[in-house]
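Trainee: coordinates only, sequence not included:
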């Protein structure tokens, strides 16, 4: 189990570093490299696998998706999972220890592996949460819709000086 200090540090890293990196990752693929945003089926798959899975299960899912025989039209999905795997490998092998300082280096090797796996589950969840949110924004932009689910504020009508409630109308 992770300590409250580790969880707080993950949340702090999520709000700064991981958020920026997830947004930059999906923007690079969609806006710079010209791939489509992830389709809803892939978003659901990512949400499902990160819900209650171990890091090994998440890793297996990513590798399975990467290795699938995607059609040429779906090549962006293969590229997405290939690049995602690289990011998570770097986080697991280097960044948890050197940059994020989340790992207890004094722990025995077996405990250390378990700790790294548990940390990665939380880091991956945070990363994918930000990535999926930004992917949804990009999907809406591609459709030509406003990125927010809220309706646009109506512009004021030419009758903006007319009374709005019955009491105002009676006094005029």
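Mentor: Nice, I can see it. Bear in mind that the values here come from a model prediction, so they are computed numbers and not experimental data.

Trainee: Only the buried residues of the longest helix along the chain, if you could.
Mentor: Criterion DSSP state H: the longest helix present in the chain is helix 109-142. Going by neighbour count (16 or more other Cβ atoms under 10 Å), the buried part of helix 109-142 is 115-116, 119-132, 134-139. Every C-beta, even on glycine, is put in place using the N, C-alpha and C of the backbone.

Trainee: next one: stretch 32-43
Mentor: So stretch 32-43, judged by 16+ other Cβ under 10 Å, has buried residues 35, 36, 37, 38, 42, 43.

Trainee: And the pLDDT at the closest residue to the second one other than its chain neighbours?
Mentor: In this case it means residue 36. Of all residues not flanking residue 36 in the chain, residue 76 sits nearest, at 5.1 Å (Cβ to Cβ, 6 or more residues apart in numbering). With respect to pLDDT, residue 76 scores 94.

Trainee: which SS class is residue 76?
Mentor: Secondary structure assignment for residue 76 (DSSP: H, G, I helix; E, B strand; the rest coil): helix.

Trainee: ok, it - how many residues close by?
Mentor: By the criterion of other Cβ atoms under 10 Å, residue 76 has 19 neighbours.

Trainee: Wait, it touches residue 35, no?
Mentor: Yes: applying Cβ atoms under 8 Å as the test, residue 76 and residue 35 come out as touching, 3.6 Å apart.

Trainee: what touches both of those two?
Mentor: residue 29 (Cβ atoms under 8 Å, 6 or more residues apart in numbering).

Trainee: lowest-confidence helix or strand of this structure?
Mentor: Within the chain, no helix or strand scores below helix 166-171, which has a mean of 51 by mean pLDDT, DSSP states H and E.

Trainee: Verify the stated contact: residue 92 with residue 120.
Mentor: Yes: the criterion here is Cβ under 8 Å, and residue 92 meets it with residue 120 at 5.4 Å.

Trainee: Much appreciated, bye for now.
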